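> missing the sequence, but the structure's below:
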């Protein structure tokens, strides 16, 4: 039976405001336990929440970037359940009147752009953190830290439009790019500022009804998301093929064992008893406010990505990588402004530049190669000043020193040797030094040409023009025919 | 109307461990009260907006400015059990 | 004259003329408390040390040339309002040892005005009750008849004021908890418009209904306290941005030209005949001083109690979820796991009335019942609101009894919760509609128990209800009678 995979993702993004959503405590990560709390985020008797305006602005920005509809009026609601990391034993969230409805994100798949629709985006407060006793002291206890309680969260819910674990990973990367771009969230999965739960089900290909939906939690890196989904697809496929009925349940991804495990179900299915939060007034977003925020936005990542494809004809995948940060996209366009060969530049950035940046763990803004410099380097290759191979060496030197390409070529004497006379000398020398190989070549071992090429390159410290060498070598090898 | 199971379910949701005597009493009292609530069904409210807030207000905000947090001694002062600057609770069983 | 028997403004005159100082007053009230409170049991906590420090500071401020209507005045505070460093129990075992690290906004404002806090007063647990019989700290007795309830849930504050154990007090009102005990104890009790006074620091019972209000010996005192505690608070999102008038300017002594609405539905059956007589007589007094009356109709009156007893417990069930033995308060000594700890802590910590309301509220919000109960009640709330809006197109204030009967005997209604709830029939609609309401003493029954007249106003029109109340008071002497203690 051929099954198609149906995945929906729920992302909780911590907004990078200075203070919490309902009180003035700092949101900085990593502070000593219970040092960033106050009566409000501790849920002490008598306290009341007051909404941080910037939290709303961040969500509106995200809505605009994802083409969602900002509700003219929305409300907060209480989600009631008991848990030690929830100081009030209810979470202030949004229920039937969320801030944003709909929207979509384009993901750059190998087959081209795919649109993933959103259900909604809403605001809520984060809860505290607990440590299991055995990791601290008493194994029969848990230890609760409320620093994180009240940190603003944006919950982004996608439609089940994702068709594979790969697409899920792409979607997450794209979403993370967007929120980082907008500077509303730092997208750090390891630190917990960008969290993901997945819903995955299978159905026979072509079927209209959805299969049994399983929720997967505890996905704290892109790799874990992918592996967990891959595992789950296999698990569900096996079960369905064996004729087993799948349970609609929540499973935890166990990183160590590489499996999803069923969570011991709670006594009753969650009855959150949602009702409108009486301590907060409704939130009205006027056209003017939304437009004012829209005017502060840079070109949105999606728009830019699509524009790069349209204007420069580069593949969707490339456009996706190049717009993974605003700085990188700016770099790219600055470069092609001077050197208008989009695919060449895109290759250089994606292969050489990003490799170096990733290796050193720095951002493109910190790189010593300015976009104009890269452009110049590529011009030098085009006009024959240096060979394509030599360009890599020059690039590395530019990256280390920050000097311009021409300067480096000059300093280190890396000019390409194209002059035929000079080349002929080197070639004749090589042929003279390798008579055995010459005979074998002439006897039919054509492959030895690369050997001779290599020798000529070595003799010329890599500066020989490869095309010229190739031509002359062939002539010489052929011409020495008696 | 409200059964023993209902009472037990609601008590569970509210995290109240009721004694058998309390359950009996609540079943009777709650049924009495809920019967009284039936009165509201005399009213046709199909076209009536619910009021969640009497005073019409919207958009009350605070600025995104950090205010000093509560001194940690005060945070933990009322804690029934405190350890290593955390609130100590019985072990949470990870589901 | 006994200092303890005087009103705030009378005491302020003495303080201003330096005949007494704040320390003298504080001593006088503590002497009175010592003499009476083991019979009345209005107080849960007395704060002698802090009070004398506050008194001395008030006296120093006065010596530096400061003055103000509340400077040096000793007050009692209902134990549902957070006072920094002072145990705040809400009448519950669950908070028996809770010491807030912060002051409620109203307390900050009162302290800035130079008030002295004598102590915290007894109340029905978490403000749920109409008799102050549901406190973990015992029962408070009505100073007019120690075998009778003082009303609730602000019974301690009402009794303290009536017994002259303080110059005035703060209470809180969700369904009548300031007005009804004021009526039971023969004093003035004002519930402001919802949003007029900050709720920051008021331990929440029902968030969309709660308000803090003054409980005083006369109407002027209530206006003086309102001037200090009222006004927008950025820490309370539901506090209104309405400008604050000087409420004492409403105290003209005249009700001339004011139209009083008499709700037809309020005088139909179930109301004690002596209460009805006293209230009607009060209306006549007001007519005698220039007010006119008109009958108004509040057709949905009979549904108020049902709507209230769905909405308030629903919000309360959520507001009280935080009492779980983790961050503060009581924790059960008997637990073997987390679930046990929650269940036993809450079952042992809460009293029966609180548990009953948590159960009711949880049920009303639960899956499958939300529309039938919670939403329905919110819709009925709209109808009640509209009733008042319509009535106020024709009148300036609405007058009514505060309670259908005077104070009943201790223990009389504790067996039948529903009967207790029904006694809130005249007060709950005012909370549902968010309107201001004041209760003033308007007579006594044959047993010598006080009867209260309730005056209900338009949103944010405390001025008019104060004006009517004051005019009534100026032409009667009920507020001057003292209980035979």
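It's in. Keep in mind the model is a prediction, meaning the values are calculated, not measured. Numbering: from 1, shown residues only, chains lettered A, B, ... in the order given.
> how about low-confidence regions in chain C?
Along chain C, the model assigns pLDDT under 70 to no residue.
> Nearest to the spatial middle of it, which residue is it?
Central residue of chain C (Cα atoms, centre = their mean): residue C:178, 2.0 Å from the mean position.
> What separation is there between it and chain A?
17 Å (Cβ to the nearest Cβ, to the nearest Å). (Glycine included, C-beta is placed from N, CA and C.)
> That residue touches residue C:161, doesn't it?
No - Residue C:178 is beyond contact range of residue C:161, at 11.0 Å (criterion: Cβ atoms under 8 Å).
> Common neighbours of those two, please.
residue C:215 (Cβ atoms under 8 Å, 6 or more residues apart in numbering or on different chains).
> Helix or strand for the most centrally placed residue in chain A, just tell me which one.
Closest residue to the average C-alpha location of chain A: residue A:173 at 3.3 Å, with Cα atoms, centre = their mean. Using DSSP states H and E, residue A:173 falls within helix A:165-181.
> contacting residues for the residue nearest to the centre of chain A?
Neighbours of residue A:173 in contact, by Cβ under 8 Å, 6+ apart: A:222, A:324.
> My read is that residue C:422 contacts residue C:304, right?
No - taking contacts as Cβ under 8 Å, residue C:422 lies outside contact range of residue C:304: 10.4 Å.
> So those two - more neighbours on which side?
Applying other Cβ atoms under 10 Å in any protein chain shown to residue C:422 and residue C:304 shows that residue C:304 carries more neighbours, namely 26 against 17.
> Identify the spatial nearest neighbour of the more buried one, chain neighbours not counted.
Spatial nearest neighbour of residue C:304, excluding adjacent residues (Cβ to Cβ, 6 or more residues apart in numbering or on different chains): residue C:429 at 4.1 Å.
> Can you get me a residue count around that neighbour?
Neighbour tally, residue C:429, other Cβ under 10 Å: 32.
> for residue A:420, same thing?
Other residues within reach of residue A:420, judged by other Cβ under 10 Å, total 14.
> can you pull out the helices in the stretch 51-200 of chain C?
Here the stretch 51-200 of chain C has its helices, by DSSP state H, counting those that start in this stretch, at C:105-112, C:155-162, C:179-185.
> now the helix or strand that contains residue A:471: mean pLDDT?
Using DSSP H and E, the element containing residue A:471 is helix A:466-479. Averaged over helix A:466-479, pLDDT sits at 85.
> Show me what it is packed against.
For helix A:466-479, the packing partners by 3 or more Cβ pairs under 8 Å, 6 or more residues apart in numbering or on different chains; DSSP states H and E come out as helix A:420-433, helix A:435-442, helix A:448-459.
> and the gap between the nearest residue to residue B:18 once chain neighbours are set aside and chain A?
Of all residues not flanking residue B:18 in the chain, residue B:11 sits nearest, at 5.0 Å (Cβ to Cβ, 6+ apart). Applying Cβ to the nearest Cβ, the value for residue B:11 to chain A is 11 Å.
> cool, residue C:429 as well?
18 Å.
> Report the contact partners of that residue.
C:298, C:301, C:304, C:308, C:384, C:387-388.
> hmm, try it at 10 Å
Counting by Cβ atoms under 10 Å, 6 or more residues apart in numbering or on different chains, residue C:429 makes contact with C:175-176, C:263, C:266, C:298, C:300-305, C:307-308, C:381, C:384-385, C:387-388, C:398, C:400, C:435, C:437, C:456.
> Spell out which residues of the stretch 101-250 of chain A are next to chain C.
With Cβ under 10 Å from any Cβ of the partner chain as the criterion, the stretch 101-250 of chain A meets chain C at residues A:128, A:140-142, A:144, A:146.
> give me that answer again for 8 Å
Those residues of the stretch 101-250 of chain A that sit near chain C, judged by Cβ under 8 Å from any Cβ of the partner chain, are A:142, A:144.
> Can you show me the strands along the stretch 101-250 of chain A?
Secondary structure of the stretch 101-250 of chain A (DSSP state E, counting those that start in this stretch): strands located at A:104-109, A:112-125, A:129-132, A:141-145, A:152-158, A:194-204, A:214-219, A:250-254.
> Give me the sheet partners of the helix or strand following the last one and which way each runs.
Counting by DSSP H and E, the next helix or strand C-terminal to strand A:250-254 is strand A:259-262. According to DSSP bridges, strand A:259-262 has the following sheet partners: strand A:250-254 (antiparallel).
> which parts of the partner strand are buried?
If you call a residue buried by 16 or more other Cβ atoms under 10 Å in any protein chain shown, then strand A:250-254 has these buried ones: A:250-253.
> Touching that strand from outside, list them.
Against strand A:250-254 from outside (Cβ under 8 Å, 6+ apart): A:214-219, A:224, A:227-228, A:231-232, A:259-263, A:265, B:94-95.
> from the chain's centre, how far out does it sit?
Taking Cα atoms, centre = their mean, to the nearest Å, one finds strand A:250-254 lying 23 Å from the centre of the chain it belongs to.
> Just list the residues touching the closest residue to chain B within the stretch 101-250 of chain A, thanks.
Residue nearest to chain B within the stretch 101-250 of chain A: residue A:143 (3.5 Å; Cβ to the nearest Cβ). Listed by Cβ under 8 Å, 6+ apart, the contact set of residue A:143 reads A:33, A:130-131, A:133, A:136-137, B:83-84, B:86-89.
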